[in-house]
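> Fold the stuff below for me.
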Amino acid sequence: MTTILGLSGSLRRASLNTALLRAGAQLAPPGVTLRIGDIRGVPVYDGDLEAESGIPAAVTALTDALAAADGLLLVTPEYNNGVPGVLKNTLDWMSRGPGLERFRGKPVAVIGASPGAFGTAHAQSHWLPVLRSLAMRPWFEGRLMVSRAGGLFDAQGRLTDEATRARLADFIAGFAASIGGRP
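Residues are numbered from 1 along each chain as shown. Got it, this is the predicted structure:
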């Protein structure tokens, strides 16, 4: 059994990226579990808060989930041609203290959805220096940028576009296979 921790970089209830992550979890091949982590309870990083109270429980839960996972899937929105602050903040918190070792050598893949024409090409590229700094192992064999995503999901946030569902299923299977899971 291969376990992948998935994190969406959006806090919106109707987030296209969270919907894409949920679809990925449903489309994971047999023998692969895509667990969805929740970044909502992670406070803005503050060294004084860390010194006074330690690592917040929400961060510890995510760091423990990362340690238990075989790989990490970041599902990133693109804000102003870059990475979303809430997801970057989450990784910053998770890398504090012993958390940094949980990232080292961990396979990671990045996907994203956008209502625009370019998907999340800029955000995906902007993650590379962060992943390098965390000593992660990015998977470059597949790439998934879902453009014009607003029309690909129904009102309940279900991915209804069959071509995108197939591309997502192939991406999840390929990433899982690269880290030892079944295709």
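
> residue ranges of the helices in the chain, please?
Assigned by DSSP state H, the chain shows helices spanning 16-27, 47-53, 57-68, 85-94, 99-103, 121-133, 162-178.

> Pick the most buried one from those.
helix 16-27 (a mean of 22; mean count of other Cβ atoms under 10 Å). No exception for glycine: its C-beta is placed from N, CA and C like everyone else's.

> who's in contact with W139?
The contact partners of W139, taken as Cβ atoms under 8 Å, 6 or more residues apart in numbering, are 71, 107-109, 174-175, 178-179.

> whoops, L7 was the one
21, 36-37, 39, 62, 72-75, 87, 90.

> which residues does the residue nearest the centre of the chain contact?
Central residue of the chain (Cα atoms, centre = their mean): L74, 1.7 Å from the mean position. Residues in contact with L74, defined by Cβ under 8 Å, 6+ apart, are 7, 9, 87, 108-111, 127.

> hang on, G24 packs against T33?
No - if you go by Cβ atoms under 8 Å, G24 and T33 don't touch, sitting 11.2 Å apart.

> and the helix or strand bottoming out on mean pLDDT in the chain, what does it pack onto?
None of the helices or strands of the chain scores lower by mean pLDDT, DSSP states H and E than helix 99-103, at a mean of 91. Helix 99-103 sits against helix 57-68, helix 85-94, with contacts defined as 3 or more Cβ pairs under 8 Å, 6 or more residues apart in numbering; DSSP states H and E.

> Mind exporting the C-alpha coordinates of it to CSV?
What follows is helix 99-103, C-alpha atoms only, in CSV (Å, rounded to 0.1, in the frame of the first residue of the first chain):
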residue,chain,number,x,y,z
GLY,A,99,9.8,18.5,10.9
LEU,A,100,12.5,19.4,8.4
GLU,A,101,13.8,15.8,8.4
ARG,A,102,10.3,14.6,7.4
PHE,A,103,10.7,16.4,4.1
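
> Quick check: the residue lying farthest from the centre of the chain vs D46, distance?
No residue in the chain sits farther from the centre than E52, which is 29.1 Å out by Cα atoms, centre = their mean. As judged by Cβ to Cβ, to the nearest Å, E52 and D46 stand 9 Å apart.

> got it, and G6?
Applying Cβ to Cβ to G6 and D46 gives a distance of 26 Å.

> same deal with F175?
Distance from F175 to D46, by Cβ to Cβ: 33 Å.

> repeat for R40
Taking Cβ to Cβ, one finds R40 at 17 Å from D46.

> What of G142?
Distance from G142 to D46, counting by Cβ to Cβ: 36 Å.

> residue contacts, the residue nearest to K106 when sequence neighbours are not counted?
Sequence neighbours aside, M136 is the residue nearest to K106 in space, at 5.3 Å (criterion: Cβ to Cβ, 6 or more residues apart in numbering). Neighbour list for M136: 72, 103-108 [criterion: Cβ under 8 Å, 6+ apart].
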